[in-house]
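[1] Mind folding the following:
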Amino acid sequence: MSDEAITAVQGGELFGLEGLGWDAGWADLQHDAEVGAGTDPRAGRIARTHRVGFDVFTRAGRLFAVTKARQRDPMRAPATGDWVVLADVADIDEPVIAGVLDRRSAVVRRDPADRAAPQVLAANADVVAVVQGADRPINPRRLERQLAVAHGSEARVVVVLSKSDLDPDGDVARQLRQAAIGQEVLVTGANSGVGIDELDAMTEGCRTLVLLGESGAGKSSLVNAVLGHEATAVGVVREGDSKGRHTTTRRTLLPLPTGGALLDTPGVRAVGLWPGWADLDAVFPEIAEAAESCRFSDCSHRREPGCGVTGAVEDGTVLADRIEAWRALDDELEATRTEVERKDWR
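    From the prediction side, this is the model:
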């Protein structure tokens, strides 16, 4: 998205932070963070990150800010959606991010680079929409990964089917509901307007809605439909496999004229899980329910006697492919924990 597009969405030089979700709780955190921050401390919310700085919405408009030093802990580094305190520092031309306010939620995955580290995709989301396109078959295993990351944020999670005009008989919608067991599902169509009011309503009360999904899933079209104008380029997908190119290249916070915000993300190819930020119970509610009858509280649902989950698989309450998918994700999380422990020990 261009700087001009962000400015157009912002709607002028002055933008009320309350429209982006600023409240008394954030103000209390700001007061604590201002101590020793520098000259003229003021609050802002990160709209977009760059290699050398950050676009930040403030009461004085959109500013470009920097940090004094690179944060070694990826979970403490500023991310799109973060509330921050800016200050003026001697010998630095741009405002400096003096502090990041404690997050209320975070969408976190394992860094797709080959290292044991987390990556924050979005901060302070109230709702995470996991977007699936009706122009391609539903991949249950990919969906489960995306849902695990979304639920790990502790925000409300909605599975959104886009491009419903390409699914006139509702076959893909039925596949999606069968794969998304226990999930809230919303069918939408940017061209027809189906479900757009319901999607827009998720930002009421100045809430932030994050759109998460693979390239070509229709996120950019949904953003434009909610905004009511084209703020984001819409990509072309290949006819053979419905794969799309990245039309959103950076995670971007887009204020809505009536309050609230959309946080658009680039297509997510790698969806690695990060311990503490992935919720398997929310993705596999039938397995979590069956686990309540396990004989042992630390049951791994594999070979233990008296396992309620293996019993549920035998009687058909839990599908065999679902428990296999759960085990694969659980094994992945355990392997990452081991990798992190070894890294910390070194």
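
[2] how about the helices in the stretch 51-200 of the chain?
    Assigned by DSSP state H, counting those that start in this stretch, the helices in the stretch 51-200 of the chain fall at 140-152, 171-179, 196-201.

[3] Next, the angle helix 171-179 makes with the first one.
    This means helix 140-152. Using axes from the mean of the first three to the mean of the last three CA atoms, to 10 degrees, the inter-axis angle of helix 140-152 relative to helix 171-179 is 60 degrees.

[4] Could you pull out the buried residues of helix 140-152?
    By 16 or more other CB atoms under 10 Å, the buried positions in helix 140-152 come out as 140, 142-152. The C-beta positions use only the backbone N, C-alpha and C, and glycine is treated the same way.

[5] Quick one: the helices of the stretch 51-200 of the chain as CSV, columns for mean pLDDT and distance to A77 too.
    Below are the helices of the stretch 51-200 of the chain laid out as CSV (pLDDT from 0 to 100; distance: least, CB to CB, whole Å):
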stretch, mean pLDDT, distance to A77
helix 140-152, 97, 18
helix 171-179, 97, 34
helix 196-201, 98, 30
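
[6] Out of the ones you listed, which gets nearest to W83?
    Smallest distance to W83 across the helices of the stretch 51-200 of the chain (CB to CB): 20.3 Å, for helix 140-152.

[7] list the helices and strands the lengthiest strand in the chain packs on?
    Ranked by residue count and defined by DSSP state E, the top strand of the chain is strand 39-49. If contacts are counted by 3 or more CB pairs under 8 Å, 6 or more residues apart in numbering; DSSP states H and E, strand 39-49 sits against helix 24-33, strand 54-58, strand 61-65, strand 83-88, strand 252-255.

[8] nearest to L121, of the buried residues of helix 140-152?
    Closest approach to L121 among the buried residues of helix 140-152 (CB to CB): V149, at 7.8 Å.

[9] need the contact list for the closest one.
    Applying CB atoms under 8 Å, 6 or more residues apart in numbering to V149 gives the contacts 107-109, 121, 212, 271, 273, 277-278.

[10] re earlier: comparing the helices and strands packed on strand 39-49, which stretch has the densest surroundings?
    strand 252-255 (a mean of 26; mean count of other CB atoms under 10 Å).

[11] Break the protein down into its domains, please.
    3-100, 106-264, 284-345 (automatic domain parsing).

[12] start to end distance for the longest one?
    For domain 106-264, the separation between the terminal residues is 14 Å (CA to CA, to the nearest Å).

[13] how would you label the residue lying closest to H301 once chain neighbours are set aside: helix, strand or coil?
    Of all residues not flanking H301 in the chain, V309 sits nearest, at 4.0 Å (CB to CB, 6 or more residues apart in numbering). When classified by DSSP: H, G, I helix; E, B strand; the rest coil, V309 comes out as helix.

[14] gap between V309 and L17?
    Distance, V309 to L17, using CB to CB, to the nearest Å: 47 Å.

[15] more crowded one of those two?
    Using other CB atoms under 10 Å as the criterion, V309 and L17 rank with V309 on top: 27 against 20.

[16] Would you confirm that N224 contacts E230?
    Yes: contact criterion CB atoms under 8 Å: N224 and E230 qualify, at 5.0 Å.

[17] out of these two, which sits in the busier spot?
    N224 (17 against 14).

[18] Now the phi/psi pair for R322, please.
    Here is the backbone geometry of R322 (degrees, to the nearest 10): phi -70, psi -40.

[19] quick one: it and E286 touch, right?
    Yes: counting by CB under 8 Å, E286 is a contact partner of R322 at 7.2 Å.

[20] list residues touching both of those two?
    Any residue near both R322 and E286 by CB under 8 Å, 6+ apart counts here, and that gives I181.

[21] who touches the residue nearest to D200 when sequence neighbours are not counted in this structure?
    For D200, ignoring the flanking residues on the chain, the nearest one in space by CB to CB, 6+ apart is V226 at 5.0 Å. The neighbours of V226, taking CB under 8 Å, 6+ apart as the test, are 196, 199-200, 203, 256, 262.

[22] so where's the stretch 101-250 of the chain shaky on pLDDT?
    For the stretch 101-250 of the chain, the stretches with pLDDT under 70 are 114, 231-249.

[23] The residue nearest to D200 belongs to a strand?
    No: using three-state DSSP, the assignment for V226 is helix, not a strand.
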